[in-house]
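Participant: Have a look at this fold, sequence not included:
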DNA sequence: AATTATTCTTGATAAAGATCAAGAAATCAG
DNA sequence: CTGATTTCTTGATCTTTATCAAGAATAATT
């Protein structure tokens, strides 16, 4: 199984191996330089990517400061679902924090996935439910946990990320200031 | 168009009128007394409901106190997607805050929807993306807004709810204590 | 390697929100 | 209707987190 196929399988669990093969053939390899954009807010999102190497940051720029919604690494899937599937302007900007290698799936090729894999809609539905559930959990963390607790949880699950990206983005993603994150981390080392 | 059909149409926008008819026929009418449960955490969720009248509260009970994840009124759809579609134990308890009339769709009937409506999987996918996007917005509100701002936003969008349910649940759903909500509301009236 | 820019840390202070406690108001049950 | 229960409000206080500012550390650029 290729690297890409492994990632696809991790998302669409019950996919068959021959289908996996057909699906992965629809992806293309591309790269992004550090600072390059995969998607800009306001534009229409016409592709999905799976990250092979590097880090992408999903963020929005409301009135004042940037707000980092998510940081995606190796194996993560990146897109603006709403923009991609409803063909509306994207709310998110997706930018490379490091040089990045991507497997991308264009919209025309995305449409072909359904032709190639009969049970695709079922797999896709289950995948979206998984995404939905992950967001439910994240909301729950904001309703029931302190900044420190959210940090600890995130750190245990993503500690590889901490030497790859500026901490200020992680702070924003966790809903705290960089100063607060710094102080929490100082505490945690004792 | 019946009331139920209107609700269904609001979720699955591009549904055809004859399909709407077939789909609504798969729902059954039930009621819940105040305090009654639509779903209990740990049980398998085997149905979906659309609320005709009354209010349901979706909550979890972690270590200490209850956390209200969501409050659903007239026209809202209630279920634990993850439990319903993956057949896993539910994480949420769903309880009636008032006497409630529901349109419910059992799992067997849910499966029939796909047979009755050819484009169902596409409609369902778009619906799930809408749910996903709503949660993204909610996370965003926790990353970029104060308690007061979250209250104001929610109040403008759901002010009918405020004379129907105890404020303490709304406070929990917005991620603040009842005391804080009370103080914010006092401010807002001047 | 030296300069510049960015990021991180630390301290002092302010503001937001939580907690605890008690009384008022509203709701519920008999 | 009445007593009991729940919910809401208010005050006092404490904790958490944000803000502002400045220096240290790190990374990027030439």
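Facilitator: The structure has been received and is ready for your questions. The structure displayed is predicted, hence computed values, not measured ones.
Participant: From here on, just use CA atoms for contacts and neighbour counts.
Facilitator: OK.
Participant: Correct me if wrong: residue A:127 contacts residue A:8.
Facilitator: No. Applying CA atoms under 8 Å, one finds residue A:127 not in contact with residue A:8, separated by 10.7 Å.
Participant: okay, these two: which has more neighbours?
Facilitator: Comparing residue A:127 with residue A:8 by other CA atoms under 10 Å in any protein chain shown, the one with more neighbours is residue A:8, at 20 against 16.
Participant: ok, so what distance separates that one from chain B?
Facilitator: 19 Å (CA to the nearest CA, to the nearest Å).
Participant: can you check residue A:104 too?
Facilitator: Taken as CA to the nearest CA, the span from residue A:104 to chain B is 20 Å.
Participant: so what pLDDT did residue A:63 get?
Facilitator: Residue A:63 is assigned a pLDDT of 63 by the prediction.
Participant: wait, residue A:139
Facilitator: Taken from the predicted model, the pLDDT recorded for residue A:139 is 98.
Participant: how about the residues of chain A near DNA strand D?
Facilitator: Residues of chain A found near DNA strand D, taking CA under 7 Å from any atom of the strand as the criterion, are A:146-148, A:175-177, A:179-180.
Participant: mind redoing it with 10 Å?
Facilitator: A:34-35, A:65, A:97-98, A:142, A:145-151, A:163-166, A:171-172, A:174-184 (CA under 10 Å from any atom of the strand).
Participant: Which stretches in chain A count as strands?
Facilitator: Using DSSP state E, the strands assigned to chain A run over residues A:28-32, A:37-39, A:47-53, A:55-60, A:67-73, A:77-78, A:93-96, A:100-106.
Participant: need these in CSV with distance to residue A:16 and mean pLDDT, can you?
Facilitator: Putting the strands of chain A into CSV (distance: least, CA to CA, whole Å; pLDDT from 0 to 100) gives the following:
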stretch, distance to residue A:16, mean pLDDT
strand A:28-32, 21, 96
strand A:37-39, 30, 96
strand A:47-53, 19, 97
strand A:55-60, 29, 97
strand A:67-73, 25, 96
strand A:77-78, 20, 96
strand A:93-96, 31, 96
strand A:100-106, 19, 97
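Participant: low-confidence ranges in chain A?
Facilitator: A:62-63, A:189-190 (pLDDT under 70).
Participant: Can you give me the buried ones in the longest helix along it?
Facilitator: When chain A is parsed with DSSP state H, its longest helix is helix A:120-144. Under the neighbour-count criterion of 16 or more other CA atoms under 10 Å in any protein chain shown, helix A:120-144 has A:120-121, A:123-133, A:135-136, A:138-144 buried.
Participant: contacting residues for residue A:135?
Facilitator: B:132, B:135-136, B:139 (CA atoms under 8 Å, 6 or more residues apart in numbering or on different chains).
Participant: Relative to residue B:186, how far out is it?
Facilitator: Between residue A:135 and residue B:186 the computed distance is 32 Å (CA to CA, to the nearest Å).
Participant: One more: residue A:138?
Facilitator: Computed as CA to CA, the residue A:138 to residue B:186 distance reads 30 Å.
Participant: Having no further points to raise, I will conclude here.
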